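# The following block contains a protein sequence and its predicted model.
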Amino acid sequence: MSRFRFVLELFRESARIGHAPLPPEAFEAALECLEFEAVRKGRLPPELGRRAHWSAAPVWDSALGEPFVAAVELELLGATAGPGPSADRAPLGGCRLCTHTFQLFAQDAVHALVRAGRLGAEERVVYRLVAYAVAPGEEAARPRAAAAPTFRTVPQPLPLEPSRLDALLADAEVCGPPHDDEMPLLLWPHVLEEAAVRTAAAGGVETGGILVGRLHRDPRGPEILAEVTAQIPARHARAGSKHLEFTPETWTDVAQALALRGAGELMLGWWHSHPARTWCGDCEPARRLACPLARGFFSAADRRLHQTVFPRAYSVALVLGDRVRNDLTWERYHDVYGWSRGDLQPRGYHLKHAPKGGNHAP
Ligand SMILES: [Zn+2]
């Protein structure tokens, strides 16, 4: 769907050591975000499911010039009655992607070079994105490379529950970094409490679970709100001090738990812990201030898991752990991450106040 072919060029020091075409999936997360935004703005009906038309155009690097790309302008386009040119399609939204959005694809290309024995595992590699115009007709001759992945053509109506969004948010506290125009996310405090208890119980080992809940839409407006109603511990996850892997048994377990709850909830994301106190226990205290592990973060492995398992634009991730304060003492924290224009960023949320007089779960 692009008049350009995007390629990742890999360099060791200043020597070019390999290249890899950027697959159409590289735009998938951003397109998913644009499409969800169009549904939230009422520009696309949720029943329509997946869009089929988009365009990606390079913004040339001002210093290096063509073919070096500084960013990619992505545009989501509406459908036309016939197979008309994209100029006839109404734009539904767009965004500018900086090249670090394609970091995971560059890592894949680097791993391929390491596997082929052309690069040492520890060698430092930098990547640049380049783009070449595709001649008319060439695109038709290579439909597989140019077309969006086929799974996008399967319509997936969003399961939206009609609710008053102002009533849901009425007594909720606004938390986390605010972002312009992000989908409102509502968390129940018992979800954070249960995750914190499990994090403390797991000691120096990572632990985690699945966040489940509902998507709401106000009958009076197009905005969508995600409500996390519960967490289901990943009882069969494989965990170590610095990794967590959801096994196939985890998904079976979660599907059974959702069926037992019988509330029509869907998987909205996941949570996991970063036991930094254990990681940094042997380090000299003064070094902790400069150590990225002693701060809140979303690792490359976390990004890959989220991208693979939670690609939906409304999917969120909660991270709990310890981080070091400026006075070198530790504090507990929890951060929420979510998709923002194809990238994973810390995001804000609304914390529901627990009703007085008892343990209430929605
Ligand atoms: Zn992590």
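Great, that's in hand.
# Which residue ranges of the stretch 51-200 of the chain form helices?
103-115, 138-141, 143-146, 165-169, 189-201 (DSSP state H, counting those that start in this stretch).
# Just the buried positions in the last one, please.
Taking 16 or more other Cβ atoms under 10 Å as the neighbour-count basis, helix 189-201 is seen to contain the buried residues His190, Val191, Leu192, Glu194, Ala195, Arg198, Thr199. No exception for glycine: its C-beta is placed from N, CA and C like everyone else's.
# Can you tell me which of these is nearest the ion?
Comparing the buried residues of helix 189-201 against the ion with Cβ to the ion places Thr199 closest, at 12.0 Å.
# circling back: could you dump the buried residues of helix 189-201 to JSON lines with distance to Phe36 and pLDDT?
Compiled in JSON lines, those are given as follows (distance: Cβ to Cβ, whole Å; pLDDT from 0 to 100):
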{"residue": "His190", "distance to Phe36": "27", "pLDDT": "96"}
{"residue": "Val191", "distance to Phe36": "22", "pLDDT": "97"}
{"residue": "Leu192", "distance to Phe36": "25", "pLDDT": "96"}
{"residue": "Glu194", "distance to Phe36": "28", "pLDDT": "97"}
{"residue": "Ala195", "distance to Phe36": "25", "pLDDT": "96"}
{"residue": "Arg198", "distance to Phe36": "30", "pLDDT": "95"}
{"residue": "Thr199", "distance to Phe36": "30", "pLDDT": "93"}
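# from those residues, which are also near the ion?
Among those, no residue sits close to the ion (Cβ under 5 Å from the ion).
# Take the residues you listed and write them to TSV, including distance to Pro67.
Putting these into TSV (distance: Cβ to Cβ, whole Å) gives the following:
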residue	distance to Pro67
His190	53
Val191	47
Leu192	48
Glu194	51
Ala195	46
Arg198	50
Thr199	47
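# hang on, the earlier thing: compare the mean pLDDT across the helices of the stretch 51-200 of the chain and name the weakest.
Between those, the one with the least mean pLDDT is helix 143-146; it has a mean of 39.
# Does Gly264 touch Leu160 like I think?
No. Counting by Cβ atoms under 8 Å, Gly264 does not reach Leu160; the two are 11.5 Å apart.
# okay, these two: which has more neighbours?
Set side by side, Gly264 and Leu160 show more neighbours around Leu160, with 16 against 9, by other Cβ atoms under 10 Å.
# and the gap between the closest residue in space to that one that isn't next to it in sequence and Pro136?
For Leu160, ignoring the flanking residues on the chain, the nearest one in space by Cβ to Cβ, 6 or more residues apart in numbering is Arg217 at 4.3 Å. For Arg217, the distance to Pro136 equals 41 Å [Cβ to Cβ, to the nearest Å].
# and those two? which has more neighbours close in?
Counting neighbours by other Cβ under 10 Å for Arg217 and for Pro136 shows that Arg217 has the greater number, 20 against 8.
# So that one versus the ion, what's the distance?
According to Cβ to the ion, to the nearest Å, Arg217 stands 32 Å off from the ion.
# Bridged to that residue, which residues?
Pro162, Ile224 (DSSP bridges).
# what do you get for Leu344?
Following DSSP bridges, Leu344 is listed with bridge partners Trp339.
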